[in-house]
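Visitor: here is a sequence with its predicted model. Questions after.
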Amino acid sequence: MKIPFSPPFIDQSVIDQVMDTLNSKWITSGPKVKALEQEMVTLTGSKEAICVNSWTSGAIMMLKWFGVTAGDEVIVPAYSYCATALCVLHCGAKPVMVDVLDDLTISPVKIKKAITNKTKAILAVDIAGLPCNYDAINQLIKDPDIRNLFIPESEKQSLLGRILLISDAAHSIGAMYDGLPSALKADITIFSFHAVKNITTAEGGCICLNLPEVFDCSSEYGFLKMFSLNGQTKDAFAKSLGNNWRYDIIYKGLKINMPDICAAVGLAQIRQYNGLLLPQRKKIALKYCEGFSPFKWFIAPTLQDRKRESSYHLFPLRVKNITEEERDQIIDKIMETGVNVNVHFIPMPMLTYFKSIGYRTEDYPNSYKQYSCEISLPIYPQLKDEEVDYIVENVINKIQSVVYQKKLVEVIS
């Protein structure tokens, strides 16, 4: 049996939406993008949503919007994909990496220790779909002593008057916090629609605004739509409507708009998300937990607690008391059965570029500990029950073979 890791969900409704776009003869930013933005507002409860061409470009735009620049610091977890830190570097600022908790999310205690008078923002990452401890982070950034450290150096920073909280929700579309969409817990939440995500547009992302009342989110939406199109006052769709060709450039913007041909894929998927796609992911995650729970080596991922529920984007299986090398052996053995697995994530300080600019793996011991024993299993709506059973059986067998061999070696030595 051959089981891929994370193929996109493409059904007839997706094909129909894409064909509708092609037949309309309008494939760049237009009505499909606007419809997807409206669906995102409904799904997340946010005030506004702006679709862009990737999570990364969306994060760069929002840091620039806030005035983050050279000399500033942005706190990020060491245990994340490289884009979380690269977006900060692209603004000329410094990513200040901190360690994570055992549930893989950023540690509020470590955040507090990392805050200085240069800190302008926190990028909190919802790993595997599980929201961070946003209550603790919000309490922190609103603490009078922390607020007094904040030095505003732009109009938006003066208006907010504190550290900006951005949720890196690349994994967590549909996640819940206190019974509400988790996007409501951050000032800005940025989702990814990359090909392997719960909802995809092939490539793409979406910025959701939940800024305090001192901001007019409707006006910010208009500004950001222009900023994402080179600072141009009219998009191509508006210019195409009759005698409407004249435009102006009023900001030094970016070119990061999402095209309709991509939005069409996400539009079809989001309309099935809560009723079909998300429940199927949850069903598979629970089946994995049931299959692995009898074994002492199984470290169960946090899927739900009294405040949070995951979006079930990944199933981050962790194996107790193994080394990184043993984890790699297990992966090789699983792959031999036709089951494709992955690892999320290699901590950023282990990567060549980040090492070259001074980050050290040993400064983030829990990030390395979690990475060294983690194996991400396939989890997507198309997986059939017999395929999940096949994965569970082979993962158990291959882990047991390495763990049992290790015990024999220990006894012999």
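Guide: In hand now; what should we look at?

Visitor: list of residues touching the lengthiest strand in the chain?
Guide: The longest strand of the chain (DSSP state E) is strand 119-125. Outside strand 119-125, the residues that touch it by C-beta atoms under 8 Å, 6 or more residues apart in numbering are 59, 63, 66-68, 72-77, 79-80, 84, 87-88, 93, 96, 105-106, 111, 132, 134, 137, 141, 149-150, 157, 163-168, 170-171, 186. Glycine gets a C-beta too; all of them are placed from N, C-alpha and C.

Visitor: partners of it in the sheet?
Guide: The strands that strand 119-125 pairs with in its sheet are strand 73-77 (parallel), strand 164-168 (parallel) (by DSSP bridges).

Visitor: helix or strand next in line after it, which one?
Guide: As assigned by DSSP states H and E, the chain's next helix or strand after strand 119-125 is helix 134-141.

Visitor: and the very next helix or strand once past that following helix, what does it pack onto?
Guide: Downstream of helix 134-141, the first helix or strand assigned by DSSP H and E is helix 144-149. Here helix 144-149 touches no other helix or strand, going by 3 or more C-beta pairs under 8 Å, 6 or more residues apart in numbering; DSSP states H and E.

Visitor: which SS class is the nearest residue to Gly92 once chain neighbours are set aside?
Guide: Once flanking residues are discounted, Gly92 sits nearest to Ala70: 3.8 Å by C-beta to C-beta, 6 or more residues apart in numbering. At Ala70 the chain is in coil, as set by DSSP: H, G, I helix; E, B strand; the rest coil.

Visitor: Ala70: neighbouring residues, count only.
Guide: 8 (other C-beta atoms under 10 Å).

Visitor: go on, Glu336?
Guide: 10.

Visitor: please identify the buried residues of the helix or strand harbouring Lys156?
Guide: Element membership for Lys156 (DSSP H and E) is helix 155-160. By neighbour count on 16 or more other C-beta atoms under 10 Å, the buried set for helix 155-160 is Lys156, Gln157, Leu160.

Visitor: and which of the residues you listed is nearest Asn366?
Guide: Within the buried residues of helix 155-160, proximity to Asn366 (C-beta to C-beta) peaks at Leu160, which comes in at 30.6 Å.

Visitor: that closest one contacts Pro212, correct?
Guide: Yes. Assessed by C-beta atoms under 8 Å, Leu160 is found in contact with Pro212 at 7.0 Å.

Visitor: three-state assignment of the closest residue to Val100 other than its chain neighbours?
Guide: Leaving aside its sequence neighbours, Val100 sits nearest to Tyr79 (C-beta to C-beta, 6+ apart; 4.5 Å). State at Tyr79, reduced to three classes by three-state DSSP: coil.

Visitor: dump the residue contacts of Ser182.
Guide: Asp126, Pro131, Tyr134, Ser167, Ala169, Ser172, Ala175, Met176, Thr189, Arg308.

Visitor: report the buried members of those.
Guide: Asp126, Pro131, Tyr134, Ser167, Ala169, Ser172, Ala175, Met176, Thr189, Arg308.

Visitor: how close does the closest residue to the third one other than its chain neighbours sit to Cys208?
Guide: Leaving aside its sequence neighbours, Tyr134 sits nearest to Lys185 (C-beta to C-beta, 6+ apart; 3.6 Å). Here Lys185 is placed at a distance of 11 Å from Cys208 (C-beta to C-beta, to the nearest Å).

Visitor: more neighbours, the two?
Guide: Per other C-beta under 10 Å, whichever of Lys185 and Cys208 has more neighbours is Cys208, with 28 against 25.

Visitor: host element of that one?
Guide: Assigned by DSSP H and E, Cys208 falls in strand 205-209.

Visitor: residues of that strand that come out buried?
Guide: Gly205, Cys206, Ile207, Cys208, Leu209.

Visitor: what about Ala202, which SS state?
Guide: Per three-state DSSP, Ala202 ends up coil.

Visitor: span of stretch 222-237 from start to end?
Guide: With C-alpha to C-alpha, to the nearest Å as the measure, stretch 222-237 spans 15 Å from end to end.

Visitor: okay, buried residues for the helix or strand hosting Lys282 please.
Guide: For Lys282, the element it lies in under DSSP H and E is helix 278-292. By 16+ other C-beta under 10 Å, the buried positions in helix 278-292 come out as Leu278, Gln280, Arg281, Lys282, Lys283, Ile284, Ala285, Lys287, Tyr288, Gly291, Phe292.

Visitor: per-residue pLDDT, Val411?
Guide: pLDDT recorded at Val411 is 47.

Visitor: what helices or strands is the host helix or strand of Asp332 leaning on?
Guide: According to DSSP H and E, Asp332 maps onto helix 324-335. For helix 324-335, the packing partners by 3+ C-beta pairs under 8 Å, 6+ apart come out as strand 315-319, helix 365-372, strand 374-377, helix 385-412.
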